[in-house]
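>>> Just the structure for this:
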Amino acid sequence: MNIKPISDHILIEPMKAEEKTKGGILLPQTSDKERQEQGTVIAVGSGKVTASGKIIPMEVKVGDKVLFTKYGPQEIKIDNKEYLIASQSDILAIIE
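Here you go, the predicted model:
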């Protein structure tokens, strides 16, 4: 399935949570793990439309690794894979 976000929305593939600590300790799978706050941009909309009709271009592009707000993005499932849809205002930074 092909998803094209509209307006200033962004489709994000969340990064997998670390399952091993830096010291090499494996962490068990638990149901109470919190959602990651980092991910890779998969698709972007055309930009936010102002009241005057001007389009404000997106600051992120496909392939960017981003840091986003914890509770802003909405979780969706496409072909049994989990993604997030966020507004550009939910993006805090691009990870370089």
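>>> Pick out the residue closest to the middle of this protein.
Geometric centre of the chain, nearest residue: Ile12, 3.2 Å, by CA atoms, centre = their mean.
>>> And that residue, how far from Lys48?
According to CB to CB, to the nearest Å, Ile12 and Lys48 sit 17 Å apart. Where C-beta positions appear, they are placed from N, C-alpha and C, glycine not excepted.
>>> Using the three-state scheme, assign Ser89.
What DSSP: H, G, I helix; E, B strand; the rest coil gives for Ser89 is helix.
>>> If you tally nearby residues, what's the number for it?
11 (other CB atoms under 10 Å).
>>> what bits of the protein have low per-residue confidence?
Flagging of the chain using pLDDT under 70 yields the residue ranges 1, 17-22, 26-35.
>>> Would you state the strands of this protein in chain order?
9-14, 38-44, 48-49, 55-56, 65-68, 74-78, 81-87, 91-95 (DSSP state E).
>>> contacting residues for Pro73?
Applying CB atoms under 8 Å, 6 or more residues apart in numbering to Pro73 gives the contacts 12, 84-86, 90.
>>> May I have stretch 79-92 exported as PDB, CA atoms only?
Output in PDB follows, covering the C-alpha atoms of stretch 79-92 (Å, rounded to 0.1, in the frame of the first residue of the first chain):
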ATOM      1  CA  ASP A  79       0.400  -4.200   6.000                       C
ATOM      2  CA  ASN A  80       1.000  -5.500   9.600                       C
ATOM      3  CA  LYS A  81       3.800  -2.900  10.200                       C
ATOM      4  CA  GLU A  82       3.500   0.000  12.700                       C
ATOM      5  CA  TYR A  83       4.000   3.600  11.600                       C
ATOM      6  CA  LEU A  84       3.400   7.000  13.000                       C
ATOM      7  CA  ILE A  85       1.700  10.000  11.400                       C
ATOM      8  CA  ALA A  86       2.800  13.300  12.900                       C
ATOM      9  CA  SER A  87       2.300  17.000  12.100                       C
ATOM     10  CA  GLN A  88       5.500  18.900  11.300                       C
ATOM     11  CA  SER A  89       5.000  20.700  14.600                       C
ATOM     12  CA  ASP A  90       5.500  17.400  16.400                       C
ATOM     13  CA  ILE A  91       9.000  17.100  15.000                       C
ATOM     14  CA  LEU A  92      11.500  18.500  17.500                       C
END
